[in-house]
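**Student:** can you look at this prediction? I've put the sequence above it.
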Amino acid sequence: MRDLCTILPRDVTGRMREGILAFDRSLRGFAARDALLTGVETRTSAPLRIIRGDDFTAPGHANVYPCGEGAGYAGGITSAAADGLHTAEKIIARYKPAGCEDAGIRLGR
């Protein structure tokens with residue numbers, strides 16, 4: 001376990017601290033001394049969309065698969081998860097060995 005102050009810039013951790021304390025005013029205990037942050041996540045959506053083709057890759061970048069909320073293809077955690085599944089299906093289809101029969105396993109839909 002590492003202190004985020006050793007990883008992220010001081011202005012970022014300071015604002016995180018302010019946000020956590022502000023949220024604690026609405027949900028008492030959120031900023032408890034023994035609370036742990038298990039990941040860094042933003043609650044904002046991307047104000048842009050990274051273009052992707054029918055194969056879900058970014059044009060001109062064959063190995064870049066923009067997906068989810070950060071790329072502008074979802075509006076929340078559930079739709080981001082669904083977009084991730086669809087993107088994974090495209091990646092699997094691309095790299096599936098020739099002659100490999102579909103085992104009937106589907107990631108989504």
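**Tutor:** Perfect, I can see it now.
**Student:** please enumerate the helices of this structure.
**Tutor:** 10-26, 77-95 (DSSP state H).
**Student:** who's in contact with the residue lying farthest from the centre of the chain?
**Tutor:** Most distant from the centre of the chain: residue 99, at 32.9 Å, with distances by CA atoms, centre = their mean. By CB atoms under 8 Å, 6 or more residues apart in numbering, the contact set of residue 99 is empty. No exception for glycine: its C-beta is placed from N, CA and C like everyone else's.
**Student:** that one and residue 71, how far apart?
**Tutor:** Going from residue 99 to residue 71 by CB to CB, to the nearest Å gives 33 Å.
**Student:** try residue 9
**Tutor:** On the measure of CB to CB, residue 9 and residue 71 end up 24 Å apart.
**Student:** ok, residue 78 next?
**Tutor:** Taking CB to CB, one finds residue 78 at 16 Å from residue 71.
**Student:** neighbour count for those two, which is higher?
**Tutor:** The neighbour count for residue 78 versus residue 71, taken as other CB atoms under 10 Å, is higher for residue 71 (20 against 9).
**Student:** so that one is in contact with residue 51, correct?
**Tutor:** No: judged on CB atoms under 8 Å, residue 71 makes no contact with residue 51 at a distance of 9.4 Å.
**Student:** before we move on, back to that, most packed of the helices of the chain?
**Tutor:** Neighbour counts (mean count of other CB atoms under 10 Å) averaged over each of the helices of the chain peak at helix 77-95, with a mean of 14.
**Student:** domain-wise, how is this protein divided?
**Tutor:** Following automatic domain parsing, one finds the domains of the chain at 1-40, 45-109.
**Student:** could you dump those domains to CSV with mean pLDDT?
**Tutor:** Shown next, in CSV, are the domains of the chain (pLDDT from 0 to 100):
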stretch, mean pLDDT
domain 1-40, 84
domain 45-109, 83
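**Student:** give the contact list for residue 37.
**Tutor:** Contacts of residue 37 by CB under 8 Å, 6+ apart are residue 4.
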